[in-house]
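Visitor: Structure here, sequence nowhere to be found:
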């Protein structure tokens, strides 16, 4: 019986949920959990970077020993042993295009030995998925993408999309945020009841044989059929009539998709039941976890970011870079206010904030910097990666576009899908009203950090501290698609930053626009000579070489080397040939097509800040030529 099947699915999902994926209450420690960032990184991060120095020194020595054209004197070697350069890597957004390109980039960097020299790695949107993958797999670069079946969509039933940049939903106003507050406080019990009714709708469509599930294929052209059209448009060659049978495989596929979204709902529901607000970001985060489940570090039975790092052998032995996930704050009318998640803290270096909370206690109830009720486990690695992305709003745009010429039956089917995500307040009679309702509720893709750890913090009265919640979105939403700012703060004292930019500036390739945007937002940005719009970026460029008090930026963009890697940001399935081509192209971007001259020049660029501290006599003649060729 259909109801029995649904009950069986629910029972199986409940019984097989092994991971601890939700916040749980703990005793509050006596020590301070929130700090003001007064020109210093936290003690845990400082200690980690200091303890990582010996490993960086030995790794950098191995890299330099393999270079034929860069000969380092004793003074340089001593400098490397005393204090090697602090380096970072910033990975831009760009969906799977960024994830695949930067994965190849990192693999080649590892081959060179330079990945082991990184102290920090930052990512947003598609770049944050790479960070999540590294965290899950204990920073083993060889295992990147092992858990991703890219032939299978991350979100079941959603095909590849091809949105134009102008169609993306962003920049919500205060009225939209007020509506979000109302939606996020809705009664979850009602949602569960509505979802159950809609499951009944899915499984009990009219005119099917009640004694045999295969009888669902023998029915009139009804909402179930319309839902099948929506989810599998390529499978339908013509509109069936009442006497035609539909392929049983469609029912199997629909059951699989139904199972997937029921499972997502059940994974998210415990968080809401514990009093936390949820949004579409929670669902996307759980989709990530399902993709990576039972792989790598998730075998320790937790999805907590801070807890995973405490069990990471490479991190515990100071062999991994500090991962930094970047998101954008949208409280009230804020713009270009970025927050970061590290294994140690969550917070912002922006002048109006400069506050941080210890990462394990994110989700605890704070007021004026004092915790009254503490939780661990809010820092779900999937939720954090999803916070730095913006998929769900555009998926809903896709659903909206599909209704442009829809019938009432299709609208019923879409309502059933949307109700699984709690969008129950859609009262529609026409497809136009549906489109309006969906667009009105797109704002629920904002990640909700509630309670706000910085609520009413003394001496800080602004849009970040006046409300007991934070709204976070894709780290690149304000045009800064490169997570560069967290790596340029003087407190972290970086000497050099690698950047791989897979933004979609022109024909899904990067042209330097996002780099100019982020440099414009930084106080030190004026010290860099950003690339002009008409300059070729096929080869790397180094910015800030001759400004001794800022990090050198080695800027490389996604461009065609061995493969046409300008795939759509919203392409969500890749076959093996495409994956191989994207990865190899990413490798070729880093190596500049295995250019031995550039590999040697990398040695010069990495050592540039050390040379700045030594007499000119220590600078190899070869390096002078490299600086002329690559520095701007």
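Guide: That came in fine, so what should we check first? The structure displayed is predicted, hence computed values, not measured ones.

Visitor: Am I right that residue 614 sits in a strand?
Guide: No: with DSSP: H, G, I helix; E, B strand; the rest coil as the criterion, residue 614 is coil rather than part of a strand.

Visitor: hang on, residue 80 packs against residue 609?
Guide: No: proximity of residue 80 to residue 609 does not meet the contact threshold set by CB atoms under 8 Å, at 11.4 Å. Backbone N, C-alpha and C define where each C-beta goes, glycine included.

Visitor: what about residue 57, which SS state?
Guide: Under three-state DSSP, the three-state class of residue 57 is helix.

Visitor: That one - nearest residue in space that isn't next to it in sequence?
Guide: Distance criterion CB to CB, 6 or more residues apart in numbering; nearest residue to residue 57, sequence neighbours excluded, is residue 84 at 4.7 Å.

Visitor: how near is that neighbour to residue 50?
Guide: 12 Å (CB to CB, to the nearest Å).

Visitor: which one of these two has more residues nearby?
Guide: residue 84 (24 against 11; other CB atoms under 10 Å).

Visitor: list the buried ones in stretch 463-476?
Guide: By 16 or more other CB atoms under 10 Å, the buried positions in stretch 463-476 come out as 463, 464, 465, 467, 469, 470, 471, 472, 473, 474, 475, 476.

Visitor: Okay, and which of those residues map to strands?
Guide: If you go by DSSP state E, the buried residues of stretch 463-476 have 470, 471, 472, 473, 474 in strands.

Visitor: so what's the first one scoring on pLDDT?
Guide: The pLDDT attached to residue 470 in the predicted structure is 95.

Visitor: now do the last one
Guide: At residue 474, the predicted lDDT confidence score is 84.

Visitor: shouldn't it be in contact with residue 125?
Guide: Yes: with the criterion set as CB under 8 Å, residue 474 and residue 125 qualify as a contacting pair; they are 5.4 Å apart.

Visitor: quick one: low-confidence parts of the chain?
Guide: For the chain, the stretches flagged by pLDDT under 70 are 1-21, 157-255, 293-295, 390-445, 534.

Visitor: One more pass at 80, please.
Guide: Counting by pLDDT under 80, the ranges of the chain that qualify are 1-21, 153-262, 292-300, 389-445, 475-479, 533-536, 570, 617.

Visitor: Of the buried residues of stretch 463-476, just say which sits nearest to residue 143.
Guide: Minimum separation from residue 143 among those (CB to CB) is found for residue 475, which lies at 24.7 Å.

Visitor: who's in contact with the closest residue to residue 535 other than its chain neighbours?
Guide: Leaving out its chain neighbours, the residue that sits closest to residue 535 by CB to CB, 6+ apart is residue 512, at 7.3 Å. Going by CB atoms under 8 Å, 6 or more residues apart in numbering, residue 512 touches 501, 505, 530, 531, 532, 533, 535, 537, 555, 557.

Visitor: Among these, name the buried ones.
Guide: For the contacts of residue 512, burial is judged from neighbour counts taken by 16+ other CB under 10 Å, and it is met by 501, 505, 530, 531, 537, 555, 557.

Visitor: Narrow these to those in strands?
Guide: Among the buried ones among the contacts of residue 512, the ones falling in strands (DSSP E) are 501, 555, 557.

Visitor: ok, the residue nearest to residue 535 to residue 552 distance?
Guide: When CB to CB is the yardstick, residue 512 and residue 552 sit 17 Å from each other.

Visitor: How about residue 149?
Guide: In this structure, residue 149 and residue 552 are separated by 38 Å, where distance is defined by CB to CB.

Visitor: who has more neighbours, the two?
Guide: The residue with more neighbours, out of residue 149 and residue 552, is residue 552; 26 against 12, by other CB under 10 Å.

Visitor: ok, and for stretch 271-286, which residues are buried?
Guide: 271-272, 276-286.

Visitor: in the strand or helix carrying residue 578, what counts as buried?
Guide: Residue 578 belongs to helix 576-591 when elements are defined using DSSP states H and E. Within helix 576-591, the residues that qualify as buried are 578-579, 581-591, counting by 16+ other CB under 10 Å.

Visitor: The very next helix or strand once past that helix vs helix 576-591, what angle?
Guide: Moving toward the C-terminus from helix 576-591, the next helix or strand (DSSP H and E) is helix 596-606. Taking axes from the mean of the first three to the mean of the last three CA atoms, to 10 degrees, one finds helix 596-606 and helix 576-591 inclined to each other by 60 degrees.

Visitor: can you list contacts of helix 596-606?
Guide: Counting by CB under 8 Å, 6+ apart, the neighbours of helix 596-606 from elsewhere in the structure are 60, 63-64, 67-70, 85, 87, 112, 114, 117, 496, 539-540, 542, 545, 552, 554, 591-592, 620, 622-623, 626-627, 629-630.

Visitor: Can I have the buried ones of those residues as a ChimeraX selection?
Guide: Buried residues among those (16+ other CB under 10 Å), as a ChimeraX selection:
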select :60,63,64,67,69,70,85,87,112,114,117,496,540,542,545,552,554,591,592,620,622,623,626,627,630
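
Visitor: Excluding chain neighbours, what is closest to residue 475?
Guide: With CB to CB, 6+ apart, the residue lying closest to residue 475 is residue 124, at 3.1 Å.

Visitor: which residues does that neighbour contact?
Guide: 91-93, 325-327, 388, 474-476, 481-483.

Visitor: one more time with 6 Å, if that's ok
Guide: With contacts defined as CB atoms under 6 Å, 6 or more residues apart in numbering, residue 124 is in contact with 93, 326, 388, 475, 476, 483.

Visitor: Also residue 306?
Guide: Applying CB under 6 Å, 6+ apart as the definition, the contact partners of residue 306 turn out to be 343, 359, 360, 379.

Visitor: Same check on residue 498?
Guide: Contacts were defined as CB under 6 Å, 6+ apart; by that measure residue 498 touches 89, 554.

Visitor: Who does it form a beta bridge with?
Guide: Legend: beta-bridge partners of residue 498 under DSSP bridges are residue 89, residue 554.

Visitor: Relative to residue 373, how far out is it?
Guide: Per CB to CB, residue 498 is found 42 Å from residue 373.

Visitor: With residue 344 instead?
Guide: Computed with CB to CB, the distance linking residue 344 and residue 373 is 22 Å.

Visitor: what about the two, which has more around it?
Guide: Between residue 344 and residue 373, counting by other CB under 10 Å, residue 344 is the more crowded of the two (20 against 13).

Visitor: quick one, phi/psi of the more buried one?
Guide: Summarising the backbone geometry of residue 344 under the convention degrees, to the nearest 10, its torsions are phi -100, psi -40.

Visitor: So it sits against residue 47, correct?
Guide: No: under the criterion of CB atoms under 6 Å, residue 344 makes no contact with residue 47, lying 9.7 Å away.

Visitor: All set, thanks.
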